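> let me see the structure of the following:
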Amino acid sequence: MTTSSLRSGPEKTVAPVDRVAVPLDALTEDAVRSLATGEPDWLVDRRLAATKRYLDQSWPDSRKDEFWRSTPFAKRFDVSHPLVAEAPAAVGTDTEGDDALPGSLVASLELSTAQVRIVDGELVEVVVPTALAEQGVVVTDLRTAAEEHADLVREHLGSLTTSGEGSGADEDRTITVNDAAWTAGAFVYVPAEVELSDPIGVHVHVTRDGAHLPRVLAVLGHHAKATIYLEHTSDEGVSALVDEVVEVVAQDASQVDLVSLHEWADGIGHLSLQKIAAHRDTRVRHAAIVAGGSTVRLRPECDLLGPGADVRPLGMYYADEGQWFDLQPYVRHIAPRATSDVFYKGALQGNSRTIFRGNIFVHKDAVGTATDENNKTLLLTEGARADATPFLEIECADITAGHGSATGQLDARHLFYLESRGIPRPQALRMLVHGFFGEILRAIDLPGVEERALSHIEAELASTDLDNLGINDAALRGELRGEL
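Model prediction:
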C-alpha cells in the first residue's frame, strides 16, 4: 500500500502559493492567478475564463430564480467568508494532529482501498493500495493529475459545468466560483474493464471558519465498476461555507455508486453539485445521507447521454432544530431507452425545514424513456415544515413516467397495532420511524451505509421528547366509527 502526505511528503507537487484570504464575493483575477500558481497554462486559462463569468454574474436571487425560490440564498449562505486554501500546519499523515481528525466511514470498514482526505482547502493525504495502482487505478490530487494525466483531466474537468457545452454551460455563480477558484481537488480514474469491489473514500473535513471550495473529478472507463464514498465532516463551532462541485463521467457500460454523506456540525452551509454523465448502458446509483449542517443545498444530477443508461438517485434526510435542507435531484433524459427512478425519504423535528424538488427532463428524442420519482416525508413535531415538488418536463410522447409525494405524521393505527401487542410506546415509536426509512436504506445496500444512517436516526430520536411526536389518528378514528 502506498501512502503519501501531499502536505509534507516528497511526492508533493503543488508549489506553495500566496494564499490570499480574499472574500468569496470579492474574487479577482489576481487572486485566482495566485491560487493557480504552478498549474499548467490550460488550467490557468480555464480558471480565468470562469472568473470572467463569475464577475459578470450575481449571487442567486430567490425572487427571480425558480430553482432558488424556496431557499433564500442571502439569508442562508454567507459569501463574505474569506477563501480557505490550506490546512492547519498540524494536519498530516506523519504528525500528531492527524489523530485529531475524525475517522471516515471508509476507514472504519478496514478495507484495502484507496482513500483521499481534504482538510480546509488542501488535500493532505492519499492512500492507494499497490494492487489498485497495478490495475491502473489513479487516485490523486487534482493538480497533480492535471500534470500527469493531462489528457483525461483536460477533457473532463468542467465538462459538466461552465467549461462544457452541455446542460451545465449556464450554471449560476455558485458553480462558476468553484470553476474559477477550487482549492483542493481529488481525481479518481478507473480504467476500462477494471471492477473494484471496495469503495474509494473521499473525505472532506473542515476545521476553520471561511469559504471552502473542494472539487472532485471521477472518470470510469468503459465496462469499469466502482463505488465512491464522499464524506463531509467538520469540527464543532466552525462557521463556514462549503461550495463543492463533483463531476463523474461514466463511460459506456460502466457501473458507479456514488454515496454522499453529510455529517457536518452546526455552522456549516453546504452547496453541492454532484453531477454524473451516464453514457450508453451505464448503471448509476447516487445515494445521499443528509443529517448534518445548518443549511445543505444538494443537487445530485445525472445526464443520461447514451441509450440504455439507468440511474437511481436515492436520498435519506433527517432535519432537526434550525436545519434547512434543500434537495434537488435532477435527471435529464437526453438519449432514448434510458431509465430513472428517484426515491427520497426524510423526517423532520423541531423548527426545521426541508425542500424536495425533483426534476425529470425528457428530451424530444428520448423515445422509450421510463422514469419515476417519489418523495415521502414524516413531520414528527410541531414547527417542522416540508415542501415537496416532484417536477416533470416532457418533450416526448412515447415514454412512461410517474411522480408523487406524500407528507404526513406517524399513523396512529400502526402505533396502536404495536402497543396492542405489548410493545412499550417509546419503543413502538422508534420502530415506526426506523421502519419508515427501512425501504430506502435497503435500496442503498452498500457496506456500512445503513448502519451509519441508522446511527443518525437513533441519535435524533434520542434528542427529542417522544411524547411530543405528532400522531395522525384520523384514520384510526374513522375505523373505530365504522365498527360502531
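> can you show me the helices along the protein?
Per DSSP state H, the chain carries helices over the ranges 29-35, 41-56, 73-76, 105-108, 130-134, 142-148, 150-156, 173-181, 412-419, 425-444, 449-462, 474-483.
> burial count for Asp467?
By other Cβ atoms under 10 Å, the residues close to Asp467 number 8. To be clear about C-beta, it is placed using only N, CA and C from the backbone, and glycine gets the same treatment.
> and the pLDDT at it?
Per-residue confidence at Asp467 stands at 90 (pLDDT).
> still on that earlier bit, tell me which of the helices of the chain sits most buried.
Among the helices of the chain, the stretch with the highest mean neighbour count (mean count of other Cβ atoms under 10 Å) is helix 173-181, at a mean of 25.
> and the helices of the chain, which one's lowest on average pLDDT?
helix 474-483 - the lowest mean pLDDT of those, at a mean of 77.
> contacts for it, please.
Asp411, Ala412, Arg413, Phe416 (Cβ atoms under 8 Å, 6 or more residues apart in numbering).
> can we see that at 6 Å?
Ala412, Arg413 (Cβ atoms under 6 Å, 6 or more residues apart in numbering).
> tell me what angle that helix forms with helix 412-419.
80 degrees (axes from the mean of the first three to the mean of the last three Cα atoms, to 10 degrees).
> could you export helix 474-483 as PDB, CA atoms only?
In PDB, the C-alpha atoms belonging to helix 474-483 read as follows (Å, rounded to 0.1, in the frame of the first residue of the first chain):
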ATOM      1  CA  ALA A 474     -57.800  10.400  11.700                       C
ATOM      2  CA  ALA A 475     -57.800   7.000  10.000                       C
ATOM      3  CA  LEU A 476     -58.000   5.200  13.300                       C
ATOM      4  CA  ARG A 477     -60.900   7.200  14.500                       C
ATOM      5  CA  GLY A 478     -62.600   6.600  11.200                       C
ATOM      6  CA  GLU A 479     -62.200   2.800  11.500                       C
ATOM      7  CA  LEU A 480     -63.500   2.900  15.100                       C
ATOM      8  CA  ARG A 481     -66.600   4.800  14.000                       C
ATOM      9  CA  GLY A 482     -67.200   2.200  11.300                       C
ATOM     10  CA  GLU A 483     -67.000  -0.500  13.800                       C
END
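> Glu231: which of the helices of the chain is closest?
helix 105-108 (5.9 Å; Cβ to Cβ).
> now do the closest one: which elements does it pack against?
For helix 105-108, there is no helix or strand it packs on, judged by 3 or more Cβ pairs under 6 Å, 6 or more residues apart in numbering; DSSP states H and E.
> can you list the residues that contact that helix?
Gln115, Pro199, Gly201, Tyr229, Glu231, Gly448, Arg452.
> could you pick out the buried ones from those?
Buried members of the contacts of helix 105-108, counted by 16 or more other Cβ atoms under 10 Å: Gln115, Pro199, Gly201, Tyr229, Glu231, Gly448, Arg452.
> which of these lies closest to Pro82?
For the buried ones among the contacts of helix 105-108, the nearest to Pro82 is Glu231 (24.6 Å; Cβ to Cβ).
> any idea what that closest one is bridged to?
With DSSP bridges as the criterion, Glu231 is bridged to His203, Leu261.
> isn't it up against Ser104?
Yes. The pair Glu231 / Ser104 is scored as a contact, 5.0 Å apart, by Cβ atoms under 6 Å.
> what do those two both touch?
His203.
> I'd say Gly293 and Leu271 touch.
No. Using Cβ under 6 Å, Gly293 is not in contact with Leu271, being 10.6 Å away.
> where are the low-confidence patches of this structure?
Low-confidence segments of the chain (pLDDT under 70): 1-20, 87-100, 483-484.
> which one of the helices of the chain lies closest to Asp257?
helix 425-444 (8.7 Å).
> so which elements touch that closest one?
strand 310-319, helix 412-419, helix 449-462.
> just want the angle from the second one to helix 425-444.
Taking the same axes, to 10 degrees, one finds that helix 412-419 is oriented at 110 degrees with respect to helix 425-444.
> so what's the residue lying closest to Val216 once chain neighbours are set aside bridging to?
Leaving aside its chain neighbours, Val216 sits nearest to Val246 (4.4 Å; criterion: Cβ to Cβ, 6 or more residues apart in numbering). On the basis of DSSP bridges, Val246 is bridged to Val216, Gln274.
> Val246: how many residues sit nearby?
Neighbourhood size, Val246 [other Cβ under 10 Å]: 24.
> distance of it relative to Ser104?
Using Cβ to Cβ, to the nearest Å, one obtains 16 Å as the distance from Val246 to Ser104.
> alright, calling it a day.
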